[in-house]
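Q: what's the 3D shape of this:
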Amino acid sequence: MRRGMVFYKDEFAGIILEDNNGVAFTYDKDYLKKENARPVSLTMPLREEAYTDKVMLPFFDNLIPEGWLLEIAEQNWKINPRDRMGLLLAFCKDAIGAVSVVREESNE
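A: A predicted model of the protein is given here:
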């Protein structure tokens, strides 16, 4: 299982994870309680239930670069362009916009 911490304007907003069932994003319970909490995307309103999909959730997939930047990942980091979670975790720590994704280090 791979996990990433999702931040909205540098504030921890939730967790995205990938396992054998697909991908899920869940807002952090403490984030949901905040008066100023905002959704990471208009397509993913604030809620306690996880957003799930068999493949990468569209909002997060759109954070992944394309073109020459994607080619750099393929060549330098040996990341398969079909490994959407790997690309998200490698590229989106400093994504353009309000949302960033930071790999959550495993204790395993």
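Q: least trustworthy helix or strand in the chain by mean pLDDT?
A: The helix or strand of the chain with the lowest confidence, counting by mean pLDDT, DSSP states H and E, is helix 67-76 at a mean of 83.
Q: below-threshold pLDDT in this protein: ranges please.
A: The chain contains residues with pLDDT under 70 at 106-108.
Q: and the strands in it?
A: Ranges of strands within the chain are 2-8, 11-19, 22-27, 51-53, 99-103, based on DSSP state E.
Q: count of neighbours near P58?
A: For P58, the neighbour count with other C-beta atoms under 10 Å is 12. Just so you know, the C-beta spots here come from the backbone N, C-alpha and C atoms, and that holds for glycine as well.
Q: for it, give me its contacts.
A: T43 (C-beta atoms under 8 Å, 6 or more residues apart in numbering).
Q: now swap in V40 and tell me
A: 6, 8, 13-14, 25, 59, 98-99.
Q: re earlier: would you indicate which residues of the least confident helix or strand of the chain are buried?
A: A73 (16 or more other C-beta atoms under 10 Å).
Q: please apply the same query to stretch 42-53.
A: 44, 51.
Q: just checking the distance from that stretch to the centre of its chain.
A: 13 Å (C-alpha atoms, centre = their mean, to the nearest Å).
Q: same deal with stretch 25-44?
A: 14 Å.
Q: what is the end-to-end distance of it?
A: Criterion C-alpha to C-alpha, to the nearest Å; first-to-last residue distance in stretch 25-44 is 9 Å.
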